[in-house]
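Peer 1: need coordinates for the following:
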Amino acid sequence: MNLKRATEMRTNPTVMTSRNAVMKDMQKSSGHGALNCTGKVDAVLASISGANARENGPENNNCLWQRVKGFLCKGDLDSAYAEALCSVNELVLIELLDRTGPVLESLSHKTVSDILSTLASYFLERRFTNSIIPWLQQANTSLKFGN
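Peer 2: I've put the predicted structure just below:
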């Protein structure tokens, strides 16, 4: 991501809106949004149910986290991250980042690109820095050593 684009993302209020629209389109095309929601609320949902939960509804967040958790249980990290990235609830992505730790080597090129773009915007906004710095460090190390 070049500096001009990163600055535009930080200063342009329409970027969040357009990013959410793109993610919704990704969700529709991936088919992940159509999965059924079952199971009880995970303890993690309590940490996710802040302001975004009020905005999006607790049932939606529970269903979303259950889908993400289902992918994790199956070992499908790529689908878990794709689902979290498609969500308008950024706390689901942050929780997933914290749970798995940096796993860029286990993800598809597209998912890595989407994650790093999202994390770069959070970094420029100085949000979630404790969660994203390990990921950015792993990306930097991978670039240095060609992994």
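Peer 1: what about the protein, any weak spots by pLDDT?
Peer 2: 1-59, 146-147 (pLDDT under 70).
Peer 1: would you map the strands across it?
Peer 2: Using DSSP state E, the chain contains no strands.
Peer 1: ranges for the helices of it?
Peer 2: 3-11, 14-30, 43-48, 51-56, 58-73, 77-86, 90-100, 109-124, 129-145 (DSSP state H).
Peer 1: just checking, what packs against the last one?
Peer 2: Read that as helix 129-145. With contacts taken as 3 or more Cβ pairs under 8 Å, 6 or more residues apart in numbering; DSSP states H and E, helix 129-145 sits against helix 90-100, helix 109-124. Using the backbone N, CA and C atoms, a C-beta is placed for each residue, glycine as well.
Peer 1: measure how buried residue 75 is and give me the count.
Peer 2: 9 (other Cβ atoms under 10 Å).
Peer 1: can you check residue 103 too?
Peer 2: Residue 103, neighbours per other Cβ under 10 Å, totals 17.
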